[in-house]
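*Asks:* Quick one: sequence and predicted model below, then my questions.
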Amino acid sequence: MYGGGALLIGSSPGTPAGWHAMIPLAAAYVLLEAGILDQSLFNPSYEGFDFQYPAHVPVLGISAYHASDLIAGHVIWSISVPIALWSR
């Protein structure tokens, strides 16, 4: 599902600023994808793992460690790297 986001973000005409505009768009897409669509960000036992354990944030119901790892990993590897390879 992240391939569609990479295509959408990488080919959008409204990104003349380059990477300065694409990185926040990628982060927003990851939050939409992981938070709302597949719910892996807010589900405490997604795929049988305990995603609440390290650095639990009770107000949000998430682990800050897993949220930052998920967001950074997907922004870099699922969105930015394919865009960089595609735009060469």
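*Replies:* Thanks, I have it.
*Asks:* ok, residue 26 touching residue 80?
*Replies:* Yes: in this structure residue 26 lies within contact range of residue 80 using Cβ atoms under 8 Å: 6.1 Å. Where C-beta positions appear, they are placed from N, C-alpha and C, glycine not excepted.
*Asks:* where does the residue nearest in space to the middle of the chain land in three-state SS?
*Replies:* Taking Cα atoms, centre = their mean, the centroid of the chain lies closest to residue 30, which sits 2.5 Å from it. Following DSSP: H, G, I helix; E, B strand; the rest coil, we place residue 30 in the helix state.
*Asks:* wait, doesn't it sit right on residue 68?
*Replies:* No: Residue 30 is beyond contact range of residue 68, at 11.1 Å (criterion: Cβ under 8 Å).
*Asks:* returning to that earlier point: not counting sequence-adjacent ones, nearest residue to the residue nearest to the centre of the chain?
*Replies:* Excluding its sequence neighbours, the residue lying closest to residue 30 (Cβ to Cβ, 6 or more residues apart in numbering) is residue 74, at 4.4 Å.
*Asks:* Distance of the one you found relative to residue 10?
*Replies:* For residue 74, the distance to residue 10 (Cβ to Cβ, to the nearest Å) stands at 15 Å.
*Asks:* Check residue 44 too.
*Replies:* 33 Å.
*Asks:* Tell me which of the two has more neighbours.
*Replies:* residue 10 (18 against 13; other Cβ atoms under 10 Å).
*Asks:* number of nearby residues for the residue nearest to the more buried one when sequence neighbours are not counted?
*Replies:* Using Cβ to Cβ, 6+ apart and skipping the chain neighbours, the partner closest in space to residue 10 is residue 83 (4.0 Å). Using other Cβ under 10 Å, residue 83 has 19 neighbouring residues.
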